[in-house]
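>>> Generate coordinates for the sequence data below:
(one chain, ligands or ions: 1)
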Amino acid sequence: MIDYGWFRVIVRFVGVLLVIYFGPTAVIAAVSLAINLPNYLSGATGPEYTYIVLAIISSVLTPAAAAGVGVYFALGGNAFIRWCMRGIGNFCPTCGYDIRGLTATRCPECNGTITPLAARDAAMALPAPHDPPPPAI
Ligand SMILES: [Zn+2]
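Residues are numbered from 1 along each chain as shown. Just a heads-up that it's a prediction; the model follows:
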């Protein structure tokens, strides 16, 4: 069972927010650029061309890229979620299969390489504390 649905909900929500915020910004910037580009370029010299290119990148391409990421997230962002969950929690880094309780080094779902949780936990274990924990009240 894959139980990281909460994370998928957050990714989709962030995607919707990105689209709502950056989508109109990208469209307005692109339309404004299309209308004004001839004015920008008339009489422009070499350094001014550099500035114009940087202005195009910052005003149009940046919000367009953010909106594109938002669309990808809103549609699920599967590769991103797999990347985030890689090595975290109890899931196969390749397919997201729940590997709790497994001792094998191969995922039974996709045959990808996995690190059994017991071995990983032992490798990441903190040293024993010097003092015992305080008694429960
Ligand atoms: Zn797998």
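>>> Around the ion, which positions in the chain sit nearby?
Residues of the chain that fall close to the ion, judged by Cβ under 5 Å from the ion: Cys92, Thr94, Cys95, Tyr97, Cys107, Glu109, Cys110, Gly112. (Each C-beta comes from the backbone N, C-alpha and C, glycine too.)
>>> Is there a quick PyMOL command that grabs whichever of these are buried?
The buried subset of the residues of the chain next to the ion, as determined by 16 or more other Cβ atoms under 10 Å, is captured in PyMOL by this line:
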select buried, resi 92+97+107
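>>> Now find how far off-centre the longest helix seen in the chain is within its chain.
Using DSSP state H, we find that the single longest helix of the chain is helix 5-41. Distance of helix 5-41 from the chain centroid (Cα atoms, centre = their mean, to the nearest Å) equals 17 Å.
>>> for that helix, which positions count as buried?
Quick answer for helix 5-41 (16+ other Cβ under 10 Å): Val11, Arg12, Gly15, Leu18, Val19, Phe22, Gly23, Thr25, Ala26, Ala29, Ala30.
>>> quick one, what contacts the fourth one?
Which is Leu18. Neighbouring residues of Leu18 by Cβ atoms under 8 Å, 6 or more residues apart in numbering: Ala66, Ala67, Val69, Gly70, Phe73, Ala74.
>>> Touching, Glu109 and Phe91? I think so.
No. Using Cβ atoms under 8 Å, Glu109 is not in contact with Phe91, being 10.3 Å away.
>>> Which of the helices or strands spans Glu109?
Secondary structure assignment for Glu109, by DSSP states H and E: no helix or strand.
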